[in-house]
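Engineer: no sequence for this one, just the structure:
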């Protein structure tokens, strides 16, 4: 399946826990002031790739422990991104997905768009909410503003309520 990309990074330590491969999708409707990736906003920008090419590039899980789906806005291309997330999970990799949408809104959309639900089902940690420059906080792990949440998606879907993700390495 075709997908519009802004780029990929084979190893990152700032886009989720552990060492991660990051897939930056192209296209974002949020246009957050102060966005870290403004070049990803134009849906016609970047370059075309395929899910097959991205899946072939997925790590083996020996050094890189997961895949982060960022952007742009991954939920603008949910069918393709859901395929990548499912393939990552099949390889035993964790999946972090960044979105400017709130988790609750995505659950509503998933009722009408099964691909949104599939992407959520294959996401371990969701970083949700738009970047808000006035709430910028550089002390936060894996996000830029205090309104954004780190959501434990499997626990939230199981319990029917938002469950915050906490890094087990920092829990005492």
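Structural biologist: On my side now, so go ahead. Here the structure is a predicted model, which is why all the values come from computation and not from measurement.

Engineer: all contacts plus neighbour counts: C-alpha atoms, from now on.
Structural biologist: Fine.

Engineer: what about the lengthiest helix in the chain, average pLDDT?
Structural biologist: What stands out as the longest helix in the chain, according to DSSP state H, is helix 78-90. For helix 78-90, mean pLDDT rounds to 98.

Engineer: which positions in it come out as buried?
Structural biologist: For helix 78-90, burial by neighbour count (16 or more other CA atoms under 10 Å) applies to 78-89.

Engineer: can you give me the neighbour number for residue 118?
Structural biologist: 18 (other CA atoms under 10 Å).

Engineer: list the residues that contact it.
Structural biologist: Counting by CA atoms under 8 Å, 6 or more residues apart in numbering, residue 118 touches residue 82.

Engineer: what ranges of the chain fall below the confidence cut-off?
Structural biologist: Counting by pLDDT under 70, the chain contains low-confidence ranges at 168-172.

Engineer: could I get the full set of helices for it?
Structural biologist: So, for the chain - with DSSP H - the helices run 51-57, 78-90, 103-110, 114-121, 153-159.

Engineer: need these in a markdown table with distance to residue 4, can you?
Structural biologist: Shown next, in a markdown table, are those (distance: least, CA to CA, whole Å):
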| stretch | distance to residue 4 |
| --- | --- |
| helix 51-57 | 10 |
| helix 78-90 | 9 |
| helix 103-110 | 21 |
| helix 114-121 | 16 |
| helix 153-159 | 25 |
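
Engineer: out of those helices, flag the one nearest residue 21.
Structural biologist: helix 51-57 (9.2 Å; CA to CA).

Engineer: what's that closest one packed up against?
Structural biologist: For helix 51-57, the elements it packs on are helix 78-90, judged by 3 or more CA pairs under 8 Å, 6 or more residues apart in numbering; DSSP states H and E.

Engineer: what's in contact with the helix it packs on?
Structural biologist: 1-3, 51, 54-55, 58, 66-67, 69, 74-75, 94-95, 115-116, 118-119, 122-123.

Engineer: ok, now with 7 Å
Structural biologist: With contact meaning CA atoms under 7 Å, 6 or more residues apart in numbering, helix 78-90 is reached by 1, 3, 51, 55, 58, 67, 74, 95, 115-116, 118-119, 122.

Engineer: out of these, who has the most neighbours?
Structural biologist: Busiest of the contacts of helix 78-90 [other CA under 10 Å] is residue 67, holding 32 neighbours.

Engineer: sweet, I'm off.
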